[in-house]
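**Q** Structure, please.
(chains A and B)
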Amino acid sequence: MHRVAIACALVMAVAAPARANTAYIPPCAEEPETKTCMVKVEPPPCDPAVEIAGTPICPYFDTAPQSVRVVSRPLALAAGIVPGIVARGLGSYLRGNRVAAKRLALAGGAGLGLMLAGGLPLGISRGNAWTIEPFAPMLITGAGLFFGTWVFDLWGTAGGRRTLPEPRAITPWSLEIGAIGHADPYRTRLLGTAHARVVLDGRFEIGAGGWFDAGGDGQQLNLEANVRLLGAAPTGAVIADGSRLWIRTTARRRAEAVDAVDIWTGEISVAGRYDMVRLAPSLDGAFFEVSTGIGLERVTYATDAVDHGSLLLGGFAWGFYLRDRGELTAFYEHRRDQLAGGIWAGRAAGFIGSVGGTLDLRVVGPWAVRGEIEFGSAWVGSLALRYQGGAR
Amino acid sequence: MRRVAWLALVLAACTRPADERALQELAIGQAESPDARVAVGGALAAVRELADRRLVLRSQAPVLDIELVVKGDASAGEWEITIANALPDATLAVNGMTYTRDPGEHPTLARFHVPLTPGPHALRLAPPDAGIEASYRVAAMADIQDALPEVDEVFAAINAVPDLRFVVAMGDITQRAEVEEFDLFDQQLAILQIPFFTTLGNHELWGPPERYFERYGRASFQFDFKGAAFTFVDSGDAVLDPIVEGWLDDWLATARDRTHVFLTHFPPIDPVGIRYGAMRNTTDAHRLLSRLAAGAVDLTLYGHIHTYAQFENAGIPAYISGGGGAQPMRGDGIDRHFLVIELGPAGIGPVEVQRVDD
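**A** Take a look at the predicted model:
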């Protein structure tokens, strides 16, 4: 209980107006970096407005311009880190971005609610098979949202939108070759990769790709068919909003000669991206991704024995646009059948998937590079060169 | 360059948390004092004491072959040899001469007084029928954890099943690997009238693994009894360390032509795939199953999931029996339970579920 009291006191000390301090707080000539000053805040335009009985109702909490005290960026960032990990949106609030602060707090609360709504049935039932769907996906999505709001608050507080993010639509087609370094306790190997994809009719995407072991001990082939439900047409052009929703299907075959197994997988998932600028302008440049799905697996062993199983697909990512040049993401992947496997999570060993980061960067013209590192029960690092169509 | 090498080492360690633990196991089953030197074949016992003409072992197998070297005349004379967790009908043969145990002790505590001269001595703890290949029955269980205070009820239920030779367990005997928990487990074991051979689970790793090793011996080991082999492996971190995989390859080759039971805590594959209550990399899991199938393993036993499940993996009959009492799964129709397995040189016989709670 005393820890809660200390935390509350800390929050109040940072967030509360300095009532006892009667010193003059100057207006901000421009956005302050190291000074505390007053700034006039205009609510964002209502787009689109919700109408009730002919009266537009803007879905914001503060509808009138107001002068707010804006704390210096370093101090706001520190508050956003701790105690912002508990008080979601605190950094944005202290920077005068009240709309962002309140929406981040609500989103964080929604994420926490999803975690509880998903985690409690799983915990109470002790993992009964009937509780895995839909509660495990709820838990994963909720975790991504709950912790993501903390990350996005820091982005907004740090002034991430000053990087002038310009999201791009997916390109209409691309060809990619690369290499994967795979290191686990049993082997270290270099794999070659290739991938090709094309979007047909602006909405249907087909692709093929895979990896192969230079020593011939393993290979994987993927065939993909995806449908764009929402989001910008795949032109590769700069767009205002990178939000999108796709249904993805994949047929995969993986053969590992050393392990003497041949694995076929069929899977379907829903994957979405939400640009945080839709939540608040100060969060421009950040995006949240989440996916969920299911797969079926058929494993054949050298003895001709066959196992059938199911896979729970899911994960989330927090990403940031690098102007119009690319994207940087940090991700969590729940599946265990990929090269990385699941993290050694101590007491939670077996229940946690893998984590990683991806950098996707346009280099010049149609050329781009993609680098990724992933950590689970193995380290997986990849580097690929991509030639892509669409706007330059 | 040195920094890069150090970073690579740290990163590699993150994917291999069990290598040090596996190496620690190599020291188990042997000890040396000013009086004597002892080595247990297959490291199938923990040496708890070797001093003042006393040898105390905690057995992990129904049959032990022990080499005891008495150093010098000062150490010769009558030795007290105590072996905990022994079969009730086990006797001790010393250089071919058989000794019966002291009367009045617990059925699984075998204490012998044996005259030993300076030099090496071959000791063998075994029941009279050890060399006869015939069918017998064992119990199997896992996942006691926070139900330690009530596990005596499970042990009493095991005692009520006739003709069981010993219990094999798939780990998670404690909740947090606290010393007090291990003490309580040892107290509760006094209820059980037959020995309890176990590997460790992830909960035994909530504390230093030495707490487990010093009391019970190895977590990865193999023994053979009456024509059937039992192989236990440490999967406490939800994978097998490459060192343990190497041991397993040797054990699979050794037991290829015998009835072979494989036991580990984590199932390689969860029969409810989407739950992921299994090893943390399905690639490694498939590789393990591929090995087991190629090694002609006859039965696989797992814990970790607090329920009962019967299925096949890589064509091998598999059972999950996590019914030791720890936070049982709800809505699965079963609470505390254990398995009764009949086996012998001809193969695996019936596997029955014995419920403790109606």
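**Q** A:P74: what's its closest spatial neighbour, skipping adjacent residues?
**A** In space, and not counting its chain neighbours, A:P74 is closest to A:T34: 6.7 Å by Cβ to Cβ, 6 or more residues apart in numbering or on different chains. C-beta coordinates here come from the backbone N, C-alpha and C atoms, glycine included.
**Q** sec struct for that neighbour, please.
**A** coil (DSSP: H, G, I helix; E, B strand; the rest coil).
**Q** Around it, how many other residues sit close by?
**A** 8 (other Cβ atoms under 10 Å in any protein chain shown).
**Q** That one contacts A:V71, correct?
**A** No. Assessed by Cβ atoms under 8 Å, A:T34 is found out of contact with A:V71, at 10.4 Å.
**Q** Tell me where chain A has helices.
**A** Counting by DSSP state H, chain A has helices at residues A:2-15, A:73-81, A:90-94, A:98-125, A:132-157.
**Q** got the residues of the stretch 151-300 of chain B near chain A?
**A** Within the stretch 151-300 of chain B, the positions lying close to chain A (Cβ under 8 Å from any Cβ of the partner chain) are B:202-203, B:205-206, B:236-239, B:241-242, B:245, B:266, B:269-284, B:286-287, B:289-290, B:293-294.
**Q** shaky segments in the stretch 1-150 of chain B?
**A** B:1-14 (pLDDT under 70).
**Q** OK, now which residue of it is nearest to chain A?
**A** The nearest approach of the stretch 1-150 of chain B to chain A comes at B:R16, 4.3 Å away (Cβ to the nearest Cβ).
**Q** quick one: contacts for the residue positioned nearest the centre of chain A?
**A** Geometric centre of chain A, nearest residue: A:A317, 2.0 Å, by Cα atoms, centre = their mean. Residues counted as contacts of A:A317 (Cβ atoms under 8 Å, 6 or more residues apart in numbering or on different chains) are A:G144, A:F288, A:E289, A:V290, A:T329, A:A330, A:F331, A:Y332, A:T358.
**Q** Check what pLDDT it gets.
**A** At A:A317, the model reports a pLDDT of 98.
**Q** do A:L77 as well
**A** 93.
**Q** Setting the sequence-adjacent residues aside, check what's closest to it.
**A** A:T157 (5.2 Å).
**Q** With B:R37 instead?
**A** B:R37 sits nearest to B:V69 (Cβ to Cβ, 6+ apart), 4.4 Å away.
**Q** Then A:S354?
**A** A:G376 (3.2 Å).
**Q** just A:A117 next, same as before
**A** Using Cβ to Cβ, 6+ apart, the nearest residue to A:A117 is A:M138, at 5.6 Å.
**Q** Could you do A:S72 as well?
**A** The nearest residue in space to A:S72 (Cβ to Cβ, 6+ apart) is A:T34, at 4.9 Å.
**Q** Now do the same contact list for the one you found.
**A** A:S72, A:R73, A:P74.
**Q** who wins for neighbours among these?
**A** For those, neighbours tallied by other Cβ under 10 Å; top is A:R73, 19 neighbours.
**Q** I'd guessed that residue sits against A:G156; true?
**A** No. Using Cβ under 8 Å, A:R73 is not in contact with A:G156; the gap is 10.9 Å.
**Q** Between those two, which contacts overlap?
**A** Joint contacts of A:R73 and A:G156 (Cβ under 8 Å, 6+ apart) are A:R95.
**Q** re the thing from before, distance check, the residue nearest to A:S354 against B:D35.
**A** 50 Å (Cβ to Cβ, to the nearest Å).
**Q** got it, and A:G142?
**A** 63 Å.
**Q** Which one's more surrounded, those two?
**A** Higher neighbour count among A:G142 and B:D35: A:G142, with 22 against 19, using other Cβ under 10 Å.
**Q** what's around the spatially closest residue to the more buried one that is not a sequence neighbour, how many residues?
**A** Leaving aside its sequence neighbours, A:G142 sits nearest to A:L114 (Cβ to Cβ, 6+ apart; 2.8 Å). By other Cβ under 10 Å, 21 other residues sit near A:L114.
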